[in-house]
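[1] Model the following, please.
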Amino acid sequence: GEAELTALCRSLPQVEAALEAGVEFIYADFEFIKQFKEAVELVRAAGKKIALVTPRIHMPIENGIHKNILRLQPDAVLVRNTGALYFYLRERMMNPDAQHPQLIGDFSLNIANHKAVDLFLEAGCDLVTPSYDLNILQMVDLLGRSDTSRMEVVIHQHLPMFHTEHCVYCTFLSEGTDYTNCGRPCEEHRVSLQDRIGMSHPVRVDEGCRNTVYNAIEQSGAEYLTNFMELGVANYRVEFLEETPEQVHEVIDLYKRALRGEISGTQVWKTLKATNQLGVTRGQLVK
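    Take a look at the predicted model:
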């Protein structure tokens, strides 16, 4: 079938821009789950589908986050760890007659070979995302041995480099010591960590006050779209971080044109590299 482009958005303006650009399936990956409700309403009003995204880290006392996701009745949940996967699979087992969202296993499940693909699909995932650890030869090998109709490949993203419970926002923007007295500066400000060569890497938070540091430079797998499509992959995801609505439109338009065969993947990468202030790399696939 025709290749589908999905978009992972981290703000409501990005969600609106992705809908305007014609994306049929939106992922909402917000720092604060109180924004999920508005995203669901926005996407449903446009007649499109939405997946809500779990935090990267799951603690035993944090099942309330997942219960809230289920209450909002999304079309799918992007599952980022085995703790969350266990929660949703248990809900399916305990309530077999209820309507449950589709479960999409994200790259952080470390699905790095065809045996891992089979394992998570058999466990209950409806779709899975290959690990970011793979180069193009390894990716082709995995896809050639797997059911590609049940896989989604991320072709544009800011690589999450590491996660930490040390909160940069609390440390530098507050006199407090933790979430009980910090004043929640993360709700009003954006922080980046500057490396030794002057690159500023964005820092984002989650509901558990954990920080994720993202690579400042976007990565694109556009040059390998032909390889993936020949192997039967029909689902492709672009992930946004701090892009403006205008940049969201540009990225989606370029990848949609590439998926339709109007331009090559190399043209996508070169265009993004030329127009993006920080530049775009070929990503982890190149080795």
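[2] helices and strands of the protein: which one bottoms out on pLDDT?
    Across the helices and strands of the chain, mean confidence by mean pLDDT, DSSP states H and E is lowest for strand 280-281: a mean of 71.
[3] residues in contact with that one?
    217, 218, 219, 220, 269, 272, 273 (C-beta atoms under 8 Å, 6 or more residues apart in numbering). Quick note: C-beta positions are derived from backbone N, CA and C, even for glycine.
[4] from those, which single one is nearest residue 232?
    Closest approach between the contacts of strand 280-281 and residue 232, by C-beta to C-beta: residue 220, at 21.2 Å.
[5] Show the backbone phi and psi for the closest one.
    The phi/psi pair for residue 220 (degrees, to the nearest 10) reads phi -130, psi 130.
[6] Settle this for me: it is touching residue 286, isn't it.
    No: using C-beta atoms under 8 Å, residue 220 is not in contact with residue 286, being 10.3 Å away.
[7] what residues are up against the nearest residue to residue 35 once chain neighbours are set aside?
    Excluding the flanking residues, the one nearest residue 35 by C-beta to C-beta, 6 or more residues apart in numbering is residue 12, at 6.7 Å. Taking C-beta under 8 Å, 6+ apart, we find residue 12 in contact with 35, 38, 39, 42.
[8] Go again with 10 Å.
    By C-beta atoms under 10 Å, 6 or more residues apart in numbering, residue 12 lies in contact with 28, 30, 35, 38, 39, 42.
[9] Please name the residues that touch the fifth one.
    It refers to residue 39. 9, 11-12, 14-16, 26-30, 50, 52, 72, 74.
[10] among the contacts of strand 280-281, which ones are buried?
    217, 218, 219, 220, 269, 272, 273 (16 or more other C-beta atoms under 10 Å).
[11] Help me confirm that the first one comes into contact with residue 195.
    No: taking C-beta atoms under 10 Å as the definition, residue 217 is not a contact partner of residue 195, at 11.1 Å.
[12] Go ahead and confirm residue 143 touches residue 114.
    Yes: using C-beta under 10 Å, residue 143 makes contact with residue 114 at a distance of 8.6 Å.
[13] Much appreciated, bye for now.
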